[in-house]
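Student: any chance you can model this:
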Amino acid sequence: MEANSGKSTTNASSLRWKILRRNLIRRSSSNSEDKSEMGIQRISRKATHGFNLIPFHLMKDCVEENVNPMDSSRNATLCYTLPVSNASQLILHQRADDMAHLNDFEVCNRYDIDNTGLVCQWPSEDVLAHYCLSHASIFRGKRVVELGSGYGLAGLIVAMTTEAREVFISDGNPQVVDCILLI
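Tutor: Numbers count the residues shown, from 1 in each chain. Okay, the predicted model is just below:
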């Protein structure tokens with residue numbers, strides 16, 4: 001049994017290295033890479049789909065190269081349609097899928113932080129934002145702080161749709177904060 005579990009650990013670690021290799025080295029996929037894709041999807045911790053509690057769509061022609069030529073990261077512009085009576089929309093700039101670059105990791109090492117908030121919008125952020133929308137009255141007159149906000153969807157929704165006195169959105173990753181400041 002232990003020999004078998006050791007093999008699965010080795011297998012999992014090799015799949016993680018394949019994820020890293022795939023994201024650092026861009027090239028057309030071969031048949032052997034396609035065969036291992038299911039294994040990579042099984043071991044990856046990156047969320048591929050949220051719960052779609054707050055509908056959104058990619059705004060066409062809005063995938064843009066950042067103006068700083070030293071920063072080759074790419075952002076996508078997403079439009080969230082809030083399920084409230086006035087059908088408000090929230091425009092967020094987020095990292096386009098599979099657009100992580102070495103610079104992202106250099107920033108993380110420089111500031112001794114991780115890049116989980118930059119990878120994608122996590123399903124937990126979707127759930128928290130939906131909860132805030134569904135319970136807007138609890139924020140009335142309150143000062144709200146969202147720590148480790150990622151792209152800040154929940155905090156921005158509280159700011160837009162509730163009668164909160166003040167909303168403070170924070171994340172330890174300066175790249176994530178820069179995306180929030182684009183709003």
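Student: can you list the domain ranges for the chain.
Tutor: Listed domain ranges for the chain are 2-43, 56-181 (source: automatic domain parsing).
Student: in which helix or strand would I find Ile91?
Tutor: For Ile91, the enclosing helix or strand under DSSP states H and E is strand 89-95.
Student: for the next helix or strand after that strand, packing partners?
Tutor: Using DSSP H and E, the helix or strand that follows strand 89-95 in sequence is helix 102-111. Judged by 3 or more C-beta pairs under 8 Å, 6 or more residues apart in numbering; DSSP states H and E, helix 102-111 is in contact with helix 174-181. For every residue, glycine as well, the C-beta is placed using N, CA and C.
Student: check which helices and strands the helix it packs on is in contact with.
Tutor: For helix 174-181, the packing partners by 3+ C-beta pairs under 8 Å, 6+ apart are strand 89-95, helix 102-111, helix 116-119.
Student: run a quick neighbour tally on the residue lying closest to Asn115 once chain neighbours are set aside.
Tutor: Setting aside the residues directly before and after it, Asn115 is nearest to Cys108 in space (C-beta to C-beta, 6 or more residues apart in numbering), at 4.9 Å. Using other C-beta atoms under 10 Å, Cys108 has 18 neighbouring residues.
Student: my guess is Cys108 contacts Gly172. True?
Tutor: No. Counting by C-beta atoms under 8 Å, Cys108 sits too far from Gly172 to count as a contact (9.7 Å).
Student: re earlier: tell me which of the helices and strands packed on helix 174-181 sits most buried.
Tutor: helix 116-119 (a mean of 20; mean count of other C-beta atoms under 10 Å).
Student: from Leu118, how far out is the residue nearest to Asn115?
Tutor: 8 Å (C-beta to C-beta, to the nearest Å).
Student: cool, and Ala129?
Tutor: 18 Å.
Student: same deal with Phe139?
Tutor: Taking C-beta to C-beta, one finds Phe139 at 27 Å from Leu118.
Student: sorry, back to before: dump the helices and strands packed on helix 174-181 to TSV, plus distance to Val144 and mean pLDDT.
Tutor: TSV is the format used below for the helices and strands packed on helix 174-181 (distance: least, C-beta to C-beta, whole Å; pLDDT from 0 to 100):
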stretch	distance to Val144	mean pLDDT
strand 89-95	16	86
helix 102-111	25	79
helix 116-119	18	72
